[in-house]
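A.B. asks: curious how this folds, go ahead:
(one chain, ligands or ions: 1)
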Amino acid sequence: MNYENLLIADANGIRTITINRPDQLNALNRATIGELHSALSGADKDRSVRVVVLTGSGTKAFVAGADIKEFAHFSTEEGKQLSAEGHKQLFDHVEQLGKPVIAAVNGFALGGGLELAMSCHIRVASDNARMGLPETGLGVIPGYGGTQRLARLVGKGKAMEMIFTAGMIKVDEALQWGLVNHVVPQDQLLAKCNELATVIMKNSPTALAAAIRAVNAGFEPGTNGMQQEIEEFGKCFGTADFKEGTTAFMEKRKANFGGAQ
Ligand code: COA
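C.D. replies: So this is what the prediction gives:
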């Protein structure tokens, strides 16, 4: 499938989705959000895809935020709808995808860009990346999950500070705070993501999907994460991957969970 605002590339079980609006610093307009929904659903359904890497085109920005030009004239109701639709179509969708999603943060990750990176399961940043939630400087608040996911990742106090100051942090601070998992030189960013993806995809896809559901459940208000873990753990025993994984261990060989290895 061809997209106007995305580039898609497949290699060895890794699908790299690149947001491709470099002249607008990959800002997320509605069309791009819709395309990302479709591309992520496609990756989820495609059995040959084991890990998704999400990045931005160019060397300057991952995503510089929601497209300010598109929403500047919105009413209260339109603003609410923009946020609700974004959560459903993209940000919750990424977080709940059935396979691991790695954000390759290749530059500015601001506002909706940081919110998108935070919706991914793992974040790897290049050394030039800058992260922030500048929304209060525009008279709004983060509306794509930022008030919740930032506090979960770095704690309430640091989240409040980032949101109140609307400033940007550099990668050393982001790494120290646990906002990103790894920092590498920019020319090694995709290689590092691919290396991580290659390690991950040696493991059972059904177990990885169950792990995503269980970990997420612990962060959903009203959901009992431990109970979800018990359910997911039990369900694993009924899968072909569990049979293969445990049999391989007893036969002293590497497990083969199919697909690209
Ligand atoms: N929405 C819409 N357009 C955006 C954008 C956004 N979030 N971020 C950048 N752009 C556009 C700029 O308007 C400009 O387009 P133009 O050439 O048609 O005017 C282009 O991308 C390049 O950006 P520019 O501001 O010229 O680059 P810079 O190097 O001077 O500054 C930033 C880079 C990231 C500091 C600056 O673009 C910025 O502050 N962007 C907005 C960040 C933000 O507030 N995001 C949260 C949105 S809720």
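
A.B. asks: residues from the stretch 101-250 of the chain in reach of the ligand?
C.D. replies: Phe108, Leu110, Gly111, Gly112, Pro134, Glu135, Leu138 (Cβ under 6 Å from any ligand atom). The C-beta positions use only the backbone N, C-alpha and C, and glycine is treated the same way.

A.B. asks: so who does the fifth one touch?
C.D. replies: This points to Pro134. Gly65, Leu110, Gly111, Ala166, Gly167, Met168 (Cβ atoms under 8 Å, 6 or more residues apart in numbering).

A.B. asks: quick check: phi and psi at the residue lying closest to the last one once chain neighbours are set aside.
C.D. replies: Taking Cβ to Cβ, 6 or more residues apart in numbering, and ignoring the residues beside it in sequence, Met168 has Gly132 as its nearest neighbour in space, at 3.8 Å. Summarising the backbone geometry of Gly132 under the convention degrees, to the nearest 10, its torsions are phi -170, psi 170.

A.B. asks: count the residues that sit near Gly132.
C.D. replies: 21 (other Cβ atoms under 10 Å).

A.B. asks: swap in Tyr144?
C.D. replies: 27.

A.B. asks: pretty sure the residue nearest to Met168 is touching Ile163, no?
C.D. replies: No - Gly132 lies out of contact with Ile163 (Cβ atoms under 8 Å); the separation is 9.3 Å.

A.B. asks: partner residues bridging Ala66?
C.D. replies: Leu28 (DSSP bridges).

A.B. asks: gap between it and Asn26?
C.D. replies: Distance, Ala66 to Asn26, by Cβ to Cβ, to the nearest Å: 11 Å.

A.B. asks: ranges for the strands of the chain?
C.D. replies: Using DSSP state E, the strands assigned to the chain run over residues 6-11, 14-19, 51-56, 61-63, 101-105, 108-110, 122-126, 130-132, 168-170, 182-184.

A.B. asks: okay if I get the ones you listed as a markdown table plus mean pLDDT?
C.D. replies: As requested, these are exported to a markdown table (pLDDT from 0 to 100):
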| stretch | mean pLDDT |
| --- | --- |
| strand 6-11 | 98 |
| strand 14-19 | 98 |
| strand 51-56 | 98 |
| strand 61-63 | 98 |
| strand 101-105 | 99 |
| strand 108-110 | 98 |
| strand 122-126 | 98 |
| strand 130-132 | 98 |
| strand 168-170 | 98 |
| strand 182-184 | 98 |
